[in-house]
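Asker: Pasting a predicted model and its sequence here:
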Amino acid sequence: MTQLIVMRRYPDTETKGTGIGAYSDMLDSMLDENGVDHENVYFKLSTDEGYLKCLRLGFIRPPLLLRKTDCQIYHATDELCCMPFPRIKGKKVVTFHHVSKNREGRSPLLLAVWKIAAKRAVKHSDAIIAVSRQTRDEIVGKLGADPQKVYVLEHAIDPVFRDLGGPRGKIIGFVGTLIERKNVHGGIRAFKLFTEMPGTDGYRFVICGDGPLKNDLVSLSESLGIADRVEFTSGLGKEELLGLYNEMVVFANSSMHEGLGLTALEAQACGAPVVFFKEAEIPAEATEYFVPSEDEEEFALNIYRLAMDGEYRRSVTEGASFGLSPEEYVRELFRIYSEVLGKTFP
């Protein structure tokens, strides 16, 4: 009997990745490194290649494959992979990365599908892993999960993301999907205010990511007269992203809601200080070393001070850290598996 079935998205490609994909890849690597006998069942849960392919590879094929499996424990790496949970007889674990509130992404059906999947995850799972205390509270308070089966297990940051110690460029950066809750509009408006301050010639706002709001964001930068200083890019590989993080003098985390906010933490691990909005719903453990802002004007002022004052920037980034090491993470994960199974895992 296989020890573990991982129910996950298709692997990230070198030029197209997501936080959930990175988490799934990390879990797969950890299981391999620890000699755990496991198999992957893949779900295609985006409509970028059409609704029919999403339906076939996301909702029809995976349940058929799962009917043929027999293992001790099933782990869905995000809540959208939980649709087949009611028909699975083994022990079931799911990782929640955040609790959705509004439509995200290109598909208007995604929120409705997410709500169904989340309810199934809460009802039929034996353990729920939340990536932060805030996400745990949202799962319990908004989805009605039994708090006794919700565990908080913070992400391990991929060790590839580290401070290379080189000089910083004149780059204010953002990395993430271009959707409503990321509030990149607010980040662009704050950057406009930044460009009006003395000594900011040559600074650029590099926005790395894709999404349904890209055209709106391009139009906003044009209407503000800063299109020549706002650069949109996407499809960066891990090494290219490492390079970008290390060029940033500041990471502009304009998001208003995150289950954790992995890219900001990656940037922080690379030595880039992070500015965020104080009113944003981002876990306190993630923002411990971030610089808080009341509004867009203060957001711009914080970027300015960090960009211009090297001593202050070093004081913000020095000692900043987050999360567990990969070794600590897998140890805690196996402890959860063991509690679910009632015996030592693996």
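Answerer: Done, it's in.
Asker: Identify the nearest residue to L224 in space, disregarding sequence-adjacent positions?
Answerer: The spatial neighbour of L224 that comes closest, neighbours along the chain excluded (Cβ to Cβ, 6 or more residues apart in numbering), is K192 at 4.6 Å. The C-beta positions use only the backbone N, C-alpha and C, and glycine is treated the same way.
Asker: ok now the helix or strand containing the one you found, how far from the chain's centre?
Answerer: When secondary structure is defined by DSSP states H and E, K192 falls within helix 184-195. Taking Cα atoms, centre = their mean, to the nearest Å, one finds helix 184-195 lying 22 Å from the centre of the chain it belongs to.
Asker: what about that helix, average pLDDT?
Answerer: When the per-residue pLDDT values of helix 184-195 are averaged, the result is 98.
Asker: just stretch 29-44 next, same as before
Answerer: Regarding stretch 29-44, the rounded mean pLDDT is 93.
Asker: again with stretch 275-284
Answerer: Per-region confidence: stretch 275-284 scores 95 on mean pLDDT.
Asker: contacting residues around it?
Answerer: When contacts are taken as Cβ atoms under 8 Å, 6 or more residues apart in numbering, the neighbours of stretch 275-284 outside the stretch itself are 132-135, 183, 186, 250-261, 264, 287, 290-295, 299, 302-303, 306.
Asker: now do the same end-to-end measure for that stretch.
Answerer: 14 Å (Cα to Cα, to the nearest Å).
Asker: buried residues in that stretch?
Answerer: Applying a neighbour-count criterion of 16 or more other Cβ atoms under 10 Å, the buried positions in stretch 275-284 are 275-277, 280-283.
Asker: ditto for stretch 316-324
Answerer: 316-317, 320, 322-324.
Asker: now the end-to-end length of stretch 245-265.
Answerer: Terminal residues of stretch 245-265 are spaced 10 Å apart (Cα to Cα).
Asker: Could you tell me how far it lies from the centre of the chain?
Answerer: 10 Å.
Asker: can you check stretch 324-338 too?
Answerer: When C-alpha coordinates are averaged (Cα atoms, centre = their mean), stretch 324-338 and its chain have centres 19 Å apart.
Asker: residues in contact with it?
Answerer: Here stretch 324-338 makes contact (Cβ under 8 Å, 6+ apart) with 4, 26-27, 30, 33-34, 73, 93, 127, 129, 151, 153-156, 159, 323, 344-346.
Asker: where do the helices sit along the stretch 201-346 of the chain?
Answerer: The residue ranges that make up the helices of the stretch 201-346 of the chain, judged by DSSP state H, counting those that start in this stretch, are 214-223, 238-247, 262-269, 296-308, 310-317, 326-341.
Asker: buried residues in the longest one?
Answerer: For helix 326-341, a neighbour-count test (16+ other Cβ under 10 Å) marks 326, 329-330, 332-334, 336-337, 340-341 as buried.
Asker: In JSON lines: the buried residues of stretch 316-324, plus distance to P62 and pLDDT.
Answerer: As requested, those are exported to JSON lines (distance: Cβ to Cβ, whole Å; pLDDT from 0 to 100):
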{"residue": "V316", "distance to P62": "44", "pLDDT": "94"}
{"residue": "T317", "distance to P62": "42", "pLDDT": "91"}
{"residue": "A320", "distance to P62": "39", "pLDDT": "86"}
{"residue": "F322", "distance to P62": "32", "pLDDT": "84"}
{"residue": "G323", "distance to P62": "30", "pLDDT": "79"}
{"residue": "L324", "distance to P62": "29", "pLDDT": "82"}
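Asker: Closest one of those residues to G225?
Answerer: Proximity of the buried residues of stretch 316-324 to G225, judged by Cβ to Cβ, is greatest for V316, which lies at 30.1 Å.
Asker: returning to what we had before: tell me which of the contacts of stretch 324-338 fall in strands.
Answerer: Using DSSP state E, the members of these that fall in strands are 4, 73, 93, 127, 129, 151.
Asker: can you count the residues close to the fourth one?
Answerer: Just to be clear, that refers to A127. Other residues lying near A127 total 19 when counted by other Cβ atoms under 10 Å.
Asker: On the strand side of things, show who it bridges to.
Answerer: For A127, the residues forming beta bridges with it (DSSP bridges) are V93.
Asker: check contacts around it.
Answerer: Applying Cβ under 8 Å, 6+ apart to A127 gives the contacts 92-94, 149-151, 336, 339-340.
Asker: let's go with 6 Å and repeat that
Answerer: The neighbours of A127, taking Cβ atoms under 6 Å, 6 or more residues apart in numbering as the test, are 93, 149, 336, 340.
Asker: Same check on the second one?
Answerer: For I73, the set of contacting residues under the criterion of Cβ under 6 Å, 6+ apart consists of 4, 91, 337.
Asker: buried set for the helix or strand hosting E39?
Answerer: Element membership of E39 [criterion: DSSP H and E] is strand 38-43. By neighbour count, and taking 16+ other Cβ under 10 Å as the criterion, the buried residues in strand 38-43 are 38, 40-43.
Asker: With stretch 231-240 instead?
Answerer: Neighbour-count burial for stretch 231-240, with 16+ other Cβ under 10 Å as criterion, is recorded at 232, 236.
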